[in-house]
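**Q** here's my sequence, what's the structure:
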Amino acid sequence: MPILKTARANLPRLATVFVAVAGLGLASCDDSGGDPRSQIGAHPTLPALQQYVVPPIRIAEPVGWGNDEKPTVPQDLQAQVMATGLAHPRSLYVLPNGDVLVVESNGPKAPIYRPKDIITGWVKWFAGASAKDANRITLLRDANGDGIPEVRTVFLDHLNSPFGVALVGNDLYVANTDAIVRYPYQEGQTSITAAPTKLTDLPGGPIDHHWTKPLLASPDGSKLYVGIGSNSNITENGIGAEYERAAIWEVDRASGAHRIFASGTRNPTGLQWEPETGKLWAIVNERDEIGPDLVPDYLTAVQDRGFYGWPYSYYGQHLDPRVQPQRPDLVATAIVPDYALSSHVAPLGVAIYSGGDLPANYRSGAFVGEHGSWDRTPLSGYKVVFVPFSGGKPSGPARDVVTGFLDENNHARGRPVGLALDRAGRLLIADDVGNTVWRVSSVRPSPKPAT
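**A** Prediction:
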């Protein structure tokens, strides 16, 4: 469609003009970041903050994958398409029998209150994040393990911006953007037609700035943990709009009652149990608009009743002057996250790995899917990284595992989102721009010929 192509072609120019006009008088501010590697690990570099009227916009135009194109992986791994032609796949869940659930979803339509909301909508549309919401879960069954599903069905339909999934016994829970609902499930079934039962409401609209709700069951199945993102970047919608948001909830599975397990987590997008220590770990998207190297997104163990700073401070007790009035009582308790992933990488998927198909150097650690930046030069993220663990905590620098989502012109072939490990320990990646699920497995040496 010529109009669409013209609009996409001109949007970066229009956005740049808008930002340049809005940013007059702020010439000292720019979007050129330093080396992202200086912000990876337990002690990230934190420069002085900058403030903008409107933040710089640097968007990777989505172009999709060409014929025979696929992500790049190390020599001991191989990547292949497991499923394509999906509708904005965001998260993945592997059932005990090996079936893979693909959550195809997008956020609800956001209201427009300020000129900034229009620009945000443009950014999401241009970056491929405003695809039509399928509001469904697709099932993939690969019975022989060759990476090619023999069965592909619509497992659940007519959902409301779903994201998290958890199975406890025969109860399948889905975290829609506004509620956790329960469905009856029997192993092997390829679709569910039963009506859902609501377990509990979740913070939803009319403003629903961070709509994704990751879900994780406790090891004994008695509790569900759900990530609730903030309703703004930094309380610009009022502190009242943040009630029980920017938090991780603990929900009683029997009654639906909840408590705040941890708070001050701006947008917790993935939850996992670390098997050696039994601790809950989360990935968190931090705030924007104070510079290309602030604030690092992070991976952290989550402390019960812990406070992680948002909105009043970041990375411990570094004050954010945009939030008034301040809360020095809360800031004094702010916990420094365990591991920085670098600024604006937008982690949206995490999978903690302890063994299986992949080579031995991945036997303990966390894979993190980095959706990628929109407000930084050079772009950051757009890859899957591996953070090695030892003794139940990060033990070294993150290393790139799955790359190639950006081409040489900084166009986005795809963007990694949710991650999962199949029954054999292979890595599965949801790609919401490529509309694909990728499978990453070991390269097996060819058998030696008989002599």
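**Q** three-state assignment of the residue positioned nearest the centre of the chain?
**A** Among the residues of the chain, the one closest to the centroid is residue 348, at 0.9 Å (Cα atoms, centre = their mean). Following DSSP: H, G, I helix; E, B strand; the rest coil, the label given to residue 348 is strand.
**Q** isn't it right next to residue 267, touching?
**A** No - checked against Cβ atoms under 8 Å, the pair residue 348 and residue 267 is beyond contact range at 9.4 Å. For glycine as for every other residue, the C-beta is placed from the backbone atoms N, C-alpha and C.
**Q** what's the overlap in contacts for those two?
**A** Overlap of the contact sets of residue 348 and residue 267 (by Cβ atoms under 8 Å, 6 or more residues apart in numbering) consists of 212, 285.
**Q** sorry, back to before: which ones are touching the residue nearest to the centre of the chain?
**A** 90, 212, 269-270, 283, 285, 369-371, 416-418.
**Q** any idea how far it is from residue 297?
**A** Residue 348 sits 10 Å away from residue 297 when distances are taken as Cβ to Cβ, to the nearest Å.
**Q** low pLDDT regions in the stretch 1-150 of the chain?
**A** For the stretch 1-150 of the chain, the stretches flagged by pLDDT under 70 are 1-30, 110-133.
**Q** can you rerun that using 50?
**A** Applying pLDDT under 50 to the stretch 1-150 of the chain flags residues 1-28.
**Q** which stretches in it count as helices?
**A** For the stretch 1-150 of the chain, the helices defined by DSSP state H, counting those that start in this stretch cover 2-22, 115-126.
**Q** can you give me phi and psi for residue 173?
**A** Dihedral angles of residue 173 (phi, psi; degrees, to the nearest 10) stand at phi -110, psi 140.
**Q** isn't it right up against residue 180?
**A** Yes - Residue 173 is within contact range of residue 180, at 5.7 Å (criterion: Cβ under 8 Å).
**Q** quick one, which of the two is more surrounded?
**A** Neighbour totals were compared for residue 173 and residue 180, and residue 180 leads with 26 against 22 (other Cβ atoms under 10 Å).
**Q** please enumerate the strands of the stretch 251-400 of the chain.
**A** Remark: strands assigned in the stretch 251-400 of the chain by DSSP state E, counting those that start in this stretch are 258-263, 267-273, 280-285, 296-301, 306-307, 313-314, 318-319, 339-343, 347-353, 365-370, 383-390, 393-394, 399-402.
**Q** give me every residue that touches residue 85.
**A** Residue 85 makes contact with residue 435, according to Cβ under 8 Å, 6+ apart.
**Q** and the gap between it and residue 65?
**A** Distance from residue 85 to residue 65, by Cβ to Cβ: 12 Å.
**Q** over to residue 440?
**A** The value you get for residue 440 to residue 65, if Cβ to Cβ is used, is 15 Å.
**Q** between those two, which is the more surrounded one?
**A** Just comparing residue 440 and residue 65: by other Cβ under 10 Å the higher neighbour count belongs to residue 440, 24 against 21.
**Q** reformat the strands of the stretch 251-400 of the chain into JSON lines and put distance to residue 167 next to each item.
**A** Formatted as JSON lines, the strands of the stretch 251-400 of the chain follow (distance: least, Cβ to Cβ, whole Å):
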{"stretch": "strand 258-263", "distance to residue 167": "20"}
{"stretch": "strand 267-273", "distance to residue 167": "15"}
{"stretch": "strand 280-285", "distance to residue 167": "18"}
{"stretch": "strand 296-301", "distance to residue 167": "24"}
{"stretch": "strand 306-307", "distance to residue 167": "28"}
{"stretch": "strand 313-314", "distance to residue 167": "35"}
{"stretch": "strand 318-319", "distance to residue 167": "40"}
{"stretch": "strand 339-343", "distance to residue 167": "28"}
{"stretch": "strand 347-353", "distance to residue 167": "16"}
{"stretch": "strand 365-370", "distance to residue 167": "21"}
{"stretch": "strand 383-390", "distance to residue 167": "24"}
{"stretch": "strand 393-394", "distance to residue 167": "28"}
{"stretch": "strand 399-402", "distance to residue 167": "26"}
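**Q** with mean pLDDT added, can I get those strands in CSV?
**A** Converted to CSV, the strands of the stretch 251-400 of the chain look like this (pLDDT from 0 to 100):
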stretch, mean pLDDT
strand 258-263, 98
strand 267-273, 98
strand 280-285, 98
strand 296-301, 98
strand 306-307, 98
strand 313-314, 98
strand 318-319, 98
strand 339-343, 98
strand 347-353, 98
strand 365-370, 98
strand 383-390, 98
strand 393-394, 98
strand 399-402, 98
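**Q** need the overlap of contacts for residue 348 and residue 297.
**A** Counting by Cβ under 8 Å, 6+ apart, the residues touching both residue 348 and residue 297 are 283, 285.
**Q** got the buried residues for stretch 313-333?
**A** Judged by neighbour count using 16 or more other Cβ atoms under 10 Å, the buried positions of stretch 313-333 are 313-315, 317-318, 320, 322-323, 330-331.
**Q** and stretch 298-316, by the same measure?
**A** Across stretch 298-316, burial judged by 16+ other Cβ under 10 Å covers 298-302, 306-315.
**Q** swap in stretch 274-284?
**A** 274, 279-284.
**Q** repeat that for stretch 59-67.
**A** Buried residues in stretch 59-67 (16+ other Cβ under 10 Å): 59-62, 65.
**Q** cool, stretch 224-235 as well?
**A** 224-235.
**Q** so which of these are in strands?
**A** Judged by DSSP state E, the buried residues of stretch 224-235 include 224-228 as members of strands.
**Q** which one of those residues is nearest to residue 54?
**A** For these, the closest approach to residue 54 (Cβ to Cβ) belongs to residue 228, at 27.2 Å.
**Q** so who does the closest one touch?
**A** Applying Cβ under 8 Å, 6+ apart to residue 228 gives the contacts 202-203, 210, 213, 244-249, 268.
**Q** now residue 286
**A** 266-267, 295-298, 310, 314-315, 343.
**Q** just send those residues back as JSON lines, with distance to residue 423 too.
**A** Shown next, in JSON lines, are the contacts of residue 286 (distance: Cβ to Cβ, whole Å):
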{"residue": "266", "distance to residue 423": "34"}
{"residue": "267", "distance to residue 423": "30"}
{"residue": "295", "distance to residue 423": "37"}
{"residue": "296", "distance to residue 423": "34"}
{"residue": "297", "distance to residue 423": "30"}
{"residue": "298", "distance to residue 423": "30"}
{"residue": "310", "distance to residue 423": "37"}
{"residue": "314", "distance to residue 423": "39"}
{"residue": "315", "distance to residue 423": "37"}
{"residue": "343", "distance to residue 423": "36"}
